[in-house]
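**Q** Make a model of this:
(one chain, ligands or ions: 1)
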Amino acid sequence: MIDLTYRNLESYNQAKEKAKNNPEAFWSEIAANFHWHKKWDTVLEYNFHKPEVKWFIGGQLNITENCLDRHLETQPDQTAILFEPNNPSEAAQHISYKDLHSRVCRVANMLKANGAKKGDRICIYMPMVPELAIAVLACARIGAIHSVVFAGFSAAALAARINDASCSMLLTADGGYRGDKVTPLKDIADEALKKCPTVNCSIVLKRTGQAISWNTKDVWWHEAIEKADDHCPAEIMDSEDPLFILYTSGSTGKPKGMVHTCGGYMVYTAYSFQNVFQYNKGDIYWCTADIGWITGHSYIVYGPLAVGATTLMFEGVPSYPDFDRFWEVCAKHKVNQFYTAPTAIRALEKHPVALVNKHDLSSLKVLGSVGEPINAEAWHWYDDHVGKNKCPIVDTWWQTETGGILITSLAGVTPQKPTYATLPMPGVQAVLLDNDGNELSGEQEGILAIKHPWPSIARTIWGDHERYKNVYFSAYPGYYFPGDGALRDTEGNYRITGRVDDVVIVSGHNLGTAPIENALDEHENIVESAVVGFPHDIKGNALHAFVIPREPVADNETLIAELRTLVANTIGPIAKPDRIQVVSGLPKTRSGKIMRRILRKLAAGEYDQLGDVSTLLNPEVVEEIKRNS
Ligand code: WT7
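**A** Below is the predicted model:
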């Protein structure tokens, strides 16, 4: 295992100082802990106005040599991936670094034998089984750019992502288990591939054994792998070569394919993983996210493996077979660091605490939270009942775009404060801005922005650098603008207050309202729609859709049911609005812009906080919406 960790406040403070005074020397020293085929010539070149960011320029490496080969000398038998299946009666798998290395090499050879090469985009649409992590690493091994699409997305969403990146190959499975449900992944993929002319091969893993249809481009994984041997030299990559694309929703219809590159991403995910969770050799670390999201990329796969950790991968859901599954798995595998989302905590908090107490959680040392602000009640429940008040809680703020955790405490090293993500990591220069882009000092509330690049910042949006510039670098020139608001206390601790744009975080998933509106508008009887978030006690936020029908319908319920299905089919079940309200109009300004601020207040039932509605073009619709809520 490599060790990049600050074990006390003093060394953390020294690091912060150093990173502030000389970021390049600071990151260069950290990067020197990794295996490079060629050392970089220049640590950093950047210009936030252009925008352009490059780290470790001229350096050559392969991230999988750092995640796998390097550990073979020191800890070949250490468990790399500990797999816990959906069904508790199926045996867990302990995959050692040696085995993982050999399985990744075989899959890499299988990809090559089926035509994949460096720079190709490969879409991965798979359940949470070890082969998913192996597929990701196999792409990285041969320098192909992986684009993992969460296995809960619909055929239309999958097709849009495959086409955006012109993927030449798809890796999928017959089906996937999630709780008592089976997702027909192959059927969904078949539907998607009808619209994806660039895909010339689809490799199918057998997981559930369900009946599927078979097409000319399909190849069975278990057949193709038979011919593949386990020797596969790593492709040598430039530091700034793309490692992967991962889509995140934005405030316009099209998802944004965030591009992460090899060198900086490796350095930052490994460094942040070890420091935030204070990982020690032999610890069992469990992040409950899905590899379909950035949390899974950075903190199930790359960060933990780069330092030689044991990372637990869970196929199931927290409620199956019962609401104590998380605690049962923690006890069974003696988990030391447990990283989950506030939405899961809030869902589990609703069930009797006896479900927690019946399991021996004494192995736990660190708890983590990610994805949205954690409210005080959930924070204390987590602290009292799961951590028994002896485990530090790291509330980690970051994004798909940031690649790694930017604001957090370091477990047991820096002070925690309930509901606060606390302090920026060493090397991360966070600031608060007012609406005009002036930096605020001291205790304030404002717009969160970052002043200087860190190694794992996304470098562009695939195929649309202009949009990258517009979304992240134009609102406040000279800064990276994440889209969140924040409060800062006198000690400099940050509390994230939520999105300041049209993105809603539902159960920890970042959903753009625009794509959902586009889906609703596809319905033949919908002329216009507006979707906003409202506070929800389990999901954090839920969606409220206001829809205007072309013709009034006798039966709103049927229309609403059709709209829910439409959203599920276009984007995925997670995007289905909790509430759909049929209205005759939407509150608009005189220039025709929908007043989302008013819709948000209406959806939240905060009728006394609507402000002045008399300037609206159509104030009467506000009354109508109130009456019919
Ligand atoms: C948005 C990014 C980071 C991986 C999971 C989500 C919100 C994330 C926190 C936190 C408050 C948080 C922000 C951010 N968010 N972590 N600890 N406290 N808010 O990644 O889908 O790219 O979403 O999630 O609003 O901008 P994502």
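
**Q** Report the secondary structure state of the residue in the stretch 401-550 of the chain positioned nearest to the ligand.
**A** Closest contact between the stretch 401-550 of the chain and the ligand, by CB to the nearest ligand atom, is at Asn510 (3.1 Å). In this view, the C-beta of every residue, glycine as well, is placed from N, C-alpha and C. Counting by DSSP: H, G, I helix; E, B strand; the rest coil, the backbone at Asn510 sits in strand.

**Q** quick one: it and Pro255 touch, right?
**A** No. Counting by CB atoms under 8 Å, Asn510 stays clear of Pro255, with 10.2 Å between them.

**Q** So for those two, which residues contact both of them?
**A** Common neighbours of Asn510 and Pro255 (criterion: CB atoms under 8 Å, 6 or more residues apart in numbering): 248-249.

**Q** can you give me phi and psi for the closest residue to His509 other than its chain neighbours?
**A** Closest residue in space to His509, ignoring its immediate chain neighbours: Ile574 at 5.5 Å, by CB to CB, 6 or more residues apart in numbering. Main-chain dihedrals, Ile574, degrees, to the nearest 10: phi -60, psi -20.

**Q** Ranking helices and strands of the protein by mean pLDDT, which lands last?
**A** In the chain, no helix or strand scores lower on mean pLDDT, DSSP states H and E than strand 509-512, which sits at a mean of 84.

**Q** Low-confidence ranges, the stretch 451-600 of the chain, go.
**A** 591-592 (pLDDT under 70).

**Q** The residue in the stretch 1-150 of the chain positioned nearest to the ligand - how many residues pack around it?
**A** Closest contact between the stretch 1-150 of the chain and the ligand, by CB to the nearest ligand atom, is at Phe150 (10.5 Å). By other CB atoms under 10 Å, the residues close to Phe150 number 20.

**Q** That one contacts Thr295, doesn't it?
**A** No. Using CB under 8 Å, Phe150 makes no contact with Thr295, being 11.3 Å away.

**Q** what is the residue of the stretch 401-550 of the chain closest to the ligand paired to in the beta sheet?
**A** Ile505 (DSSP bridges).

**Q** Please list the outside residues in contact with stretch 444-454.
**A** Contacts for stretch 444-454 (CB under 8 Å, 6+ apart): 23, 44, 46, 48, 53, 55, 264, 268, 402, 404, 406, 425, 427-435, 440, 476, 478-482, 484-488, 494, 496-497, 500.

**Q** Kindly recompute the last result at 7 Å.
**A** For stretch 444-454, the surrounding residues in contact (CB atoms under 7 Å, 6 or more residues apart in numbering) are 23, 44, 46, 53, 268, 406, 427-434, 440, 476, 479-482, 484-488, 500.

**Q** for stretch 94-105, same thing?
**A** In contact with stretch 94-105 (CB under 7 Å, 6+ apart) are residues 64, 68-69, 71-72, 75-83, 130, 134, 137-138, 141, 230-232.

**Q** Low-confidence regions, the stretch 251-400 of the chain specifically.
**A** The model of the stretch 251-400 of the chain has pLDDT under 70 over residues 251-253.

**Q** Next to the ligand, which bits of it? Give me the list.
**A** Remark: the part of the stretch 251-400 of the chain in contact with the ligand comprises 293-295, 370-373, 395-400, using CB under 6 Å from any ligand atom.

**Q** residues from this structure in reach of the ligand?
**A** When proximity is defined by CB under 6 Å from any ligand atom, the chain lies next to the ligand at 248, 293-295, 370-373, 395-400, 421, 482-484, 496, 499, 505, 510.

**Q** Just these: which are in strands?
**A** 248, 370, 395-396, 484, 496, 499, 505, 510 (DSSP state E).

**Q** ranking those by neighbours, who comes first?
**A** Most neighbours among those, by other CB under 10 Å: Asp395, with 27 neighbours.

**Q** hey, what's that one bridged with?
**A** Beta bridges link Asp395 to Ser369, judged by DSSP bridges.

**Q** Next, the contact list for the residue lying closest to Pro549 once chain neighbours are set aside, please.
**A** Spatial nearest neighbour of Pro549, chain neighbours left out: Asn525 (5.1 Å); criterion: CB to CB, 6+ apart. Residues in contact with Asn525, defined by CB under 7 Å, 6+ apart, are 549-551, 553, 559.

**Q** in stretch 565-578, what counts as buried?
**A** Across stretch 565-578, burial judged by 16 or more other CB atoms under 10 Å covers 566-567, 569-572, 574-578.

**Q** Out of those, flag the one nearest to Arg590.
**A** Nearest to Arg590 among those, counting by CB to CB, is Pro577 at 27.9 Å.
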